[in-house]
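Chemist: Sequence plus predicted model, see below.
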Amino acid sequence: MVANLPPQFYQKEAELKKAKTLQEKIAILEEMLAIMPKHKSSEKLQAEIKAKISRYRKEMEKPAVAGRKSGPLVEREGAAQMVICGPANTGKSTLLAALTRATPVIADYPYTTKLPLPGMLAYQDIAFQLVDTPALSQTGSEPWLGELLRRADGWLFLFDLASDALLESLEDSLAALEKFHLKQPGLFSFSKPIIWVGNKIDQPEAITNKQVFQELYGDKIGDWWPISAKEKEGLSVLPEKIFQLLSLLRIYTKIPGKPPDLKAPFVLRQPATVVDLASAIHQELPSNFRYARLWRRDTPTPLVVGREFLLQDGDIVEIHT
Ligand SMILES: Nc1nc2c(ncn2[C@@H]2O[C@H](COP(=O)(O)OP(=O)(O)O)[C@@H](O)[C@H]2O)c(=O)[nH]1
Ligand SMILES: [Mg+2]
């Protein structure tokens, strides 16, 4: 018996009993993990919940059999997967076309996009995968969209600053996220990091809507980025924002006696240690690890470091076994 479980935990436990799909079950278990206190006496329960999540995940990854379909998911490529989501007609497909070489269908009627479509966005020496999606709405969105959002590293949430329905459509998308268990009911708290983007600032209506939006949502969401996907205005900040949002690190590796490989960094998420890098390189490397030599920007001589040393973006690391 674990002490000090908050009442919400029991509420979630009850929801779990009623949950029908694996996706719902995973979402609820993840919420349970997030709200439970992390102390010694809850370790066993935490481990049980994590084991359940991974069992359900494995089940979901099984190829679709008759009668069970997980929907069109997109395999992650590059340094991170960011899903472009939001209400209908906000310019999601236009944004994908503006930032990548993908060629989605763009039209002035809603629900043009039926399936997810990926494209790659370069940022310095790495690239992010962006995924265009159909409208996010309470009534129209299919369960696979929830699953796609759940598997992503983060979301680019696009709203239309030139639309009369800006606020209603935004609330509808937020409600859809709640329905998918990707947002805490009644709170501005989401299960993934988000870049909020207001599109169509080239339109005159956007000027007043921008102020209204800022007044109503500014405090809740913090920074957001006004852009015009069509005119390619304001887009250049987005790759860097993705990099920061996901707390990414690029680490370059070096084999003793050879120059470093500066072409293909390993991309890790902060906080990451030398041993995290070792596991990313090869699963057996951590057990053979002895020490690493590390070159860091603005540090004149290489450092000799151990497993738990914290990495910084741009570090060059040579692992000795
Ligand atoms: N004025 C203006 N129109 C845009 C912009 N971005 C998209 N649109 C138009 O909005 C409509 C919907 O665009 P689309 O990319 O298909 O939206 P989606 O449904 O969110 O994928 C199309 O007519 C686009 O040309 C923009 O930045 N400014
Ligand atoms: Mg579209």
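Modeler: Alright, I've got the coordinates. Ligands and ions are numbered 1, 2, ... in the order given.
Chemist: show me the contacts for Ser279.
Modeler: Leu285, Pro286 (Cβ atoms under 8 Å, 6 or more residues apart in numbering). C-beta here means a position set from N, CA and C on the backbone, and glycine is covered the same way.
Chemist: how near is it to ligand 2?
Modeler: Using Cβ to the ion, to the nearest Å, Ser279 is found at 38 Å from ligand 2.
Chemist: same check, this time on Ala272
Modeler: Applying Cβ to the ion to Ala272 and ligand 2 gives a distance of 35 Å.
Chemist: for the nearest residue to Ser189 once chain neighbours are set aside, what are its contacts?
Modeler: In space, and not counting its chain neighbours, Ser189 is closest to Lys183: 6.8 Å by Cβ to Cβ, 6 or more residues apart in numbering. Neighbour list for Lys183: Leu174, Leu177, Ser189, Phe190, Ser191 [criterion: Cβ under 8 Å, 6+ apart].
Chemist: Who is Pro310 paired with across the strands?
Modeler: Careful, residue 310 is Leu; it's not Pro. Beta-bridge pairing of Leu310 under DSSP bridges involves Thr273.
Chemist: hang on, isn't it packed against Pro271?
Modeler: Yes. Contact criterion Cβ atoms under 8 Å: Leu310 and Pro271 qualify, at 5.8 Å.
Chemist: so what's the residue nearest to Ser189 bridging to?
Modeler: Under the criterion used (DSSP bridges), Lys183 bridges to Phe190.
Chemist: Show me which residues of the stretch 151-300 of the chain sit near ligand 1.
Modeler: Asn199, Lys200, Asp202, Gln203, Ser228, Ala229, Lys230 (Cβ under 6 Å from any ligand atom).
Chemist: Now for the residue of the stretch 151-300 of the chain found nearest ligand 1: which residues touch it?
Modeler: Ligand 1 sits closest to Lys230 of the stretch 151-300 of the chain, with a gap of 3.4 Å, by Cβ to the nearest ligand atom. By Cβ under 8 Å, 6+ apart, Lys230 lies in contact with Gly91, Thr94, Ala98, Lys200, Asp202.
Chemist: redo that, cut-off 10 Å
Modeler: Gly91, Thr94, Leu95, Ala97, Ala98, Ile106, Asn199, Lys200, Ile201, Asp202, Gln203 (Cβ atoms under 10 Å, 6 or more residues apart in numbering).
Chemist: can you give me the strands for the stretch 51-200 of the chain?
Modeler: For the stretch 51-200 of the chain, applying DSSP state E, counting those that start in this stretch gives strands covering 80-85, 117-123, 126-132, 154-160, 194-199.
Chemist: quick check, the last one touching ligand 2?
Modeler: What that stands for is strand 194-199. No. For strand 194-199, no contact with ligand 2 is found by Cβ under 5 Å from the ion; the gap never falls below 11.8 Å.
Chemist: now swap in the fourth one and tell me
Modeler: No. With Cβ under 5 Å from the ion as the measure, strand 154-160 is seen stopping short of ligand 2, the closest distance being 9.9 Å.
Chemist: so that strand versus strand 194-199, what angle?
Modeler: Put simply, strand 154-160 runs at 20 degrees to strand 194-199, going by axes from the mean of the first three to the mean of the last three Cα atoms, to 10 degrees.
Chemist: buried stuff in strand 154-160?
Modeler: Counting neighbours by 16 or more other Cβ atoms under 10 Å, one finds that the buried residues in strand 154-160 are Gly154, Trp155, Leu156, Phe157, Leu158, Phe159, Asp160.
Chemist: Make JSON lines out of these and add distance to Glu59 and pLDDT.
Modeler: Shown next, in JSON lines, are those (distance: Cβ to Cβ, whole Å; pLDDT from 0 to 100):
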{"residue": "Gly154", "distance to Glu59": "25", "pLDDT": "98"}
{"residue": "Trp155", "distance to Glu59": "25", "pLDDT": "98"}
{"residue": "Leu156", "distance to Glu59": "29", "pLDDT": "98"}
{"residue": "Phe157", "distance to Glu59": "29", "pLDDT": "98"}
{"residue": "Leu158", "distance to Glu59": "32", "pLDDT": "98"}
{"residue": "Phe159", "distance to Glu59": "35", "pLDDT": "98"}
{"residue": "Asp160", "distance to Glu59": "38", "pLDDT": "98"}
